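Q: Got a predicted structure here, sequence first:
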Amino acid sequence: MNSVLKSAKALTGTASRSSLLRRGYSSDSVPDRKVTILGAAGGIGQPLSLLMKLNPLLSNLALYDIANTPGVAADVSHINTGSEVSGYVGDEQLGKALEGSDIVIIPAGVPRKPGMTRDDLFNINAGIVKGLCQAIAKYCPHALVNMISNPVNSTVPIAAEVFKKAGTYDEKRLFGVTSLDVVRARTFYAGKANVPVAGVNIPVVGGHAGVTILPLFSQANPKANLSDEEIVALTKRTQDGGTEVVEAKAGKGSATLSMAYAGALFADACLKGLNGVPDVVECTFVQSNVTELPFFASKVRLGKNGVEEILGLGPLSDFEKQGLENMKSELKSSIEKGITFANK
Ligand SMILES: NC(=O)c1ccc[n+]([C@@H]2O[C@H](COP(=O)([O-])OP(=O)(O)OC[C@H]3O[C@@H](n4cnc5c(N)ncnc54)[C@H](O)[C@@H]3O)[C@@H](O)[C@H]2O)c1
Ligand SMILES: O=C(O)C[C@H](O)C(=O)O
């Protein structure tokens, strides 16, 4: 069974903590794990809270937002899976939400409306992310941080700078969540190649905005005989996937349900890595030397300390080589914008 299917099975709650033990995990390999979601009452936060409540690898789910978390937490807490749920609201409860956390997932911040770029969210979301990361540095400096808030190409560098200032930065523990790009690439490719989506895998590298999203269809598994025009169209659709949803929602936000699914898959992979499951590999935006850029998304092996190994890009087609060059100036300036903001 491929990792997506396995994860999907875990996400549907078909595995309990005790069934994991029966399936050969020792009790040591399913330790208690606390996951905190910051922005838990939002469009992504609510379905992500639901999916994390279904994950048997966590024992404690802490839901934090600036408003409305008590209701979300009460609702999710009635689901009969093993983890305990607690809700926290407002600044004064942020510390309690974070204390003891193994993984902090951040979908806090405003989403796009039609006509906006992700970078248009910078002015509001940069400050939100900065404040939340200062609290993470204080209350759970060793947690893995899964950054969903946009623009990811800038919010991840902001988080890194905040942690550096606090003296807590560990580049192995900070991740920009780009899993939705992989989820989209798999779906669109399977449709075009007419293959079962469950078996499809495609790395997506670079960043998480427009041309910085580079799906490597030349490395798609299974292989399909697609024309150059079809690959160009699939690449564009993957790059514009977020905009497709923003336009379809017509002012009511951006991707929430598919993002919650992608965020839950990535958090599940992080939990597995922390628990010592071997060969957990996901694409994610991390501090990297795969290119000359200081942050870059590529395949990463996850382990007990977060990033275990950053994998290379592998062989690229000429079209992908060109795509890689085309993204670099935008990605570089988004990264620099985040660093400059954090150090103001
Ligand atoms: N990485 C990705 O692939 C991806 C995909 C989809 C959306 N996003 C981004 O995720 C973010 C959230 O999207 P959404 O649709 O859930 O938005 P939303 O407006 O529905 O929810 C955001 C939530 O954040 C909360 N919030 C605001 N300030 C906060 C703070 N200081 N502390 C804690 N919570 C705070 C709000 O109260 C709200 O509940 C956006 O920036 C969006 O662009 C990223
Ligand atoms: O497109 C957006 O603004 C949200 C998110 O980054 C996405 O890819 O769906």
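A: Yes, it's here. No experiment lies behind these values; they were computed from the predicted model shown. Ligands and ions are numbered 1, 2, ... in the order given.
Q: Just the local confidence number for the residue in the stretch 201-344 of the chain positioned nearest to ligand 1, please.
A: Among the residues of the stretch 201-344 of the chain, residue 259 lies closest to ligand 1, at 3.9 Å counting by CB to the nearest ligand atom. Glycine gets a C-beta too; all of them are placed from N, C-alpha and C. Confidence per residue is given as pLDDT, and for residue 259 that number is 98.
Q: isn't it right up against residue 42?
A: No. If you go by CB atoms under 8 Å, residue 259 and residue 42 don't touch, sitting 10.4 Å apart.
Q: any residues in contact with both of those two?
A: When contacts are counted by CB atoms under 8 Å, 6 or more residues apart in numbering, residue 259 and residue 42 are jointly contacted by residue 107.
Q: quick one, helices of the chain?
A: Under the criterion DSSP state H, the chain carries helices at the ranges 3-11, 17-22, 45-53, 69-77, 94-98, 122-139, 152-166, 179-193, 228-239, 241-249, 257-274, 318-342.
Q: now those helices in JSON lines, with mean neighbour count and distance to ligand 2?
A: Shown next, in JSON lines, are the helices of the chain (neighbours: other CB atoms under 10 Å; distance: least, CB to the nearest ligand atom, whole Å):
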{"stretch": "helix 3-11", "mean neighbour count": "17", "distance to ligand 2": "18"}
{"stretch": "helix 17-22", "mean neighbour count": "14", "distance to ligand 2": "32"}
{"stretch": "helix 45-53", "mean neighbour count": "24", "distance to ligand 2": "14"}
{"stretch": "helix 69-77", "mean neighbour count": "18", "distance to ligand 2": "21"}
{"stretch": "helix 94-98", "mean neighbour count": "20", "distance to ligand 2": "24"}
{"stretch": "helix 122-139", "mean neighbour count": "19", "distance to ligand 2": "11"}
{"stretch": "helix 152-166", "mean neighbour count": "24", "distance to ligand 2": "7"}
{"stretch": "helix 179-193", "mean neighbour count": "22", "distance to ligand 2": "5"}
{"stretch": "helix 228-239", "mean neighbour count": "17", "distance to ligand 2": "10"}
{"stretch": "helix 241-249", "mean neighbour count": "18", "distance to ligand 2": "2"}
{"stretch": "helix 257-274", "mean neighbour count": "23", "distance to ligand 2": "6"}
{"stretch": "helix 318-342", "mean neighbour count": "17", "distance to ligand 2": "13"}
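Q: Which residues of this structure lie near ligand 1?
A: Residues of the chain lying near ligand 1 by CB under 6 Å from any ligand atom: 38-39, 41-45, 65-67, 107-112, 121, 125, 128, 131-132, 148-150, 152, 177, 180, 208, 253-256, 259.
Q: Could you turn the buried ones of these into a PyMOL selection?
A: Isolation of the buried members of the residues of the chain next to ligand 1 (16 or more other CB atoms under 10 Å) is achieved in PyMOL through the command below:
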select buried, resi 38+39+41+42+43+44+45+65+107+108+109+110+111+112+121+125+128+132+148+149+150+152+177+180+208+253+254+255+256+259
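Q: Mind checking which of the residues of the chain next to ligand 1 land in strands?
A: In this view, the residues of the chain next to ligand 1 that belong to strands under DSSP state E are 38, 65.
Q: count of residues packed around residue 91?
A: One way to gauge burial is a neighbour count; for residue 91, by other CB atoms under 10 Å, it gives 10.
Q: how far away is it from ligand 2?
A: In this view, residue 91 and ligand 2 are 26 Å apart by CB to the nearest ligand atom, to the nearest Å.
Q: ok, the residue in the stretch 1-150 of the chain that ligand 2 sits nearest to - contacts?
A: When CB to the nearest ligand atom is the measure, the stretch 1-150 of the chain has its nearest residue to ligand 2 at residue 112, with 3.8 Å between them. When contacts are counted by CB under 8 Å, 6+ apart, residue 112 touches 118, 120-121, 150, 242, 246, 253-254.
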